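Enquirer: quick one, fold the following:
(2 chains)
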Protein chains: 2
Amino acid sequence: MQMHCYSSLMPRQVDHDARRRLIAEALWRVASRQGLDAVSLRHVAAEAGVSMGMVQHYFTTKEDMLRFALETIGERVAQRIGQRVAALSDRSDPHGLVRTVLLEMLPLDEPRRLEAHVGFAFLARAAVQPGIAEHLREQYGQLRDFVAGQVRVAQLTGQTAAELDPDHEAVVLLSLLEGLAAHTLAGHRGPDAALATFNRHLRQLFQTNDLSTR
Amino acid sequence: MQMHCYSSLMPRQVDHDARRRLIAEALWRVASRQGLDAVSLRHVAAEAGVSMGMVQHYFTTKEDMLRFALETIGERVAQRIGQRVAALSDRSDPHGLVRTVLLEMLPLDEPRRLEAHVGFAFLARAAVQPGIAEHLREQYGQLRDFVAGQVRVAQLTGQTAAELDPDHEAVVLLSLLEGLAAHTLAGHRGPDAALATFNRHLRQLFQTNDLSTR
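Expert: Numbers count the residues shown, from 1 in each chain, chains lettered A, B, ... in the order given. Have a look, this model is predicted:
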């Protein structure tokens, strides 16, 4: 009985979530084309093909809507990373693990291009909006700690030179990733070239002192 | 006589240049606060404290104005780099030369923060505007060739491991610089931390095979 009652409520709940996602995805597209400053409730409603009233039903302010769009794009990336990591044959290999996680943030196909575009729009916004800055800084810190931790594991197993500073290498890797993404989006280099640079840098990091294979 | 005629024309010429620069600088401030999509002739006129008519006298379209603002900000950075390089005691040292040039692109003080902000606004614009993309790609190519060339010089003099690929190292360094700048602007890390990462990465690049000093 309890079960039945719950089930009867489900469609409505799903519908709400789906609508909020529909609106968030419309926001992503507007932001990726024109930047976050062009985002308005009206503009997003038109892009989503719904009424202003419906957008206002789910998001009372533009800031609410931005926050939700930022969180959901982060969840989308996290979900894909989870799937890729689950599919790894060896999750204990630091090189493969770091590569699998960070590759989901390089704009190598259309979904990742959209995410990177929106990501940069939010990064630009962070300079003037403390709430967004804090959210992004927290994500950045988690990712940096994850990479530094994997470099430490690699040092213990002799896959990385013991003399390297894991925290420094993590910061360099995340900055490199951000810059490669920006230069790929701007068209300075193609996705294949960006991927080759990324792979080569990782190979240099996850090796011992032997430079001959660089 | 020729000289005198030329002189009498000078003030007017200087005035034109000064006004165009005044307008360009107003555009930089608007773009750094709100992004390039917020830039309009009207908005820039208000920021510069001049009439719409005066802006239209110098720039017939928004694109003209954007192009001029992009070029002048590039010139401003190039001029500062020229001064810093001229002040170097040893211009034949690749490490010092590369460091001096690239440091002018890290947002370590207010002028460089403004430039980096505007630079990112144009980089984001490059994804949708081929003219801007081409201009930025050309600058990127020149900088990459300069860095790769200096790595080659350092290899010849034994300051850099001969096994490294100069083109790869140049791409990594420029991507790292871009990412560090973005993360500094967004507040992920402070200017001092960004500078320390940049310096350390350069020290690792401009050394031979000895990892013990990393």
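Enquirer: and the host helix or strand of residue A:135 with chain B, contact?
Expert: Residue A:135 is located in helix A:130-156, with elements delineated by DSSP states H and E. Yes: for helix A:130-156, a contact with chain B is found by C-beta under 8 Å from any C-beta of the partner chain, at A:133, A:136, A:137, A:140. Using the backbone N, CA and C atoms, a C-beta is placed for each residue, glycine as well.
Enquirer: now chain A, which segments are flagged as low pLDDT?
Expert: Applying pLDDT under 70 to chain A flags the ranges A:1-14, A:208-214.
Enquirer: could you redo the last one with a cut-off of 90?
Expert: The model of chain A has pLDDT under 90 over residues A:1-21, A:30-41, A:60-70, A:117-118, A:120-132, A:207-214.
Enquirer: who's in contact with stretch A:28-40?
Expert: Outside stretch A:28-40, the residues that touch it by C-beta atoms under 8 Å, 6 or more residues apart in numbering or on different chains are A:27, A:43-44, A:47, A:62, A:65-66, A:69, A:73, A:113-115, A:117-118, A:121-122, A:124-125, B:34-38, B:124, B:128.
Enquirer: next: stretch A:162-173.
Expert: Under C-beta under 8 Å, 6+ apart, the answer for stretch A:162-173 is A:98, A:102, A:144-145, A:147-149, A:151-152, A:155, A:201-202, A:205, B:176, B:189, B:193, B:197, B:200-201, B:211-212, B:214.
Enquirer: list the buried residues for that stretch?
Expert: By 16 or more other C-beta atoms under 10 Å in any protein chain shown, the buried positions in stretch A:162-173 come out as A:164, A:166, A:168, A:169, A:170, A:171, A:172, A:173.
Enquirer: now swap in stretch A:54-71 and tell me
Expert: Buried, per 16+ other C-beta under 10 Å, within stretch A:54-71: A:55, A:58, A:59, A:65, A:66, A:67, A:68, A:69, A:70.
Enquirer: let's have these in CSV, adding secondary structure and distance to chain B.
Expert: Rendered in CSV, the data for the buried residues of stretch A:54-71 read as follows (DSSP: H, G, I helix; E, B strand; the rest coil; distance: C-beta to the nearest C-beta, whole Å):
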residue, secondary structure, distance to chain B
A:55, helix, 20
A:58, helix, 25
A:59, coil, 21
A:65, helix, 18
A:66, helix, 14
A:67, helix, 16
A:68, helix, 20
A:69, helix, 17
A:70, helix, 13
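Enquirer: widest-spaced pair of those?
Expert: Across the buried residues of stretch A:54-71, the longest distance by C-beta to C-beta is 16.5 Å; it joins A:55 and A:70.
Enquirer: so who does residue A:205 touch?
Expert: Residue A:205 makes contact with A:151, A:160, A:164, A:169, A:173, according to C-beta under 8 Å, 6+ apart.
Enquirer: of these, which belong to helices?
Expert: Secondary structure from DSSP state H places A:151, A:169, A:173 of the contacts of residue A:205 in helices.
Enquirer: now list the buried members of the contacts of stretch A:28-40.
Expert: Applying 16+ other C-beta under 10 Å to the contacts of stretch A:28-40 flags A:27, A:43-44, A:47, A:65-66, A:69, A:73, A:113-115, A:117-118, A:121-122, A:124-125, B:34-37, B:124 as buried.
Enquirer: sketch out the strands for chain A, chain order is fine.
Expert: Remark: no strands are assigned in chain A by DSSP state E.
Enquirer: quick one: which of the residues of helix A:130-156 next to chain B is most hemmed in?
Expert: The residue in these with the most neighbours, by other C-beta atoms under 10 Å in any protein chain shown, is residue A:136 (21 neighbours).
Enquirer: residue B:188 versus that one, what's the distance?
Expert: Taking C-beta to C-beta, to the nearest Å as the measure, residue A:136 falls 7 Å from residue B:188.
Enquirer: please apply the same query to residue A:29.
Expert: Distance from residue A:29 to residue B:188, counting by C-beta to C-beta: 26 Å.
Enquirer: more neighbours: which of these two?
Expert: Legend: neighbour count by other C-beta under 10 Å for residue A:29 and residue B:188, higher for residue B:188 (26 against 15).
Enquirer: so who does the closest residue to residue A:55 other than its chain neighbours touch?
Expert: Excluding its sequence neighbours, the residue lying closest to residue A:55 (C-beta to C-beta, 6 or more residues apart in numbering or on different chains) is residue A:45, at 4.5 Å. Neighbour list for residue A:45: A:23, A:26, A:51, A:52, A:54, A:55 [criterion: C-beta under 8 Å, 6+ apart].
Enquirer: I'm done for today, thanks for sticking with me.
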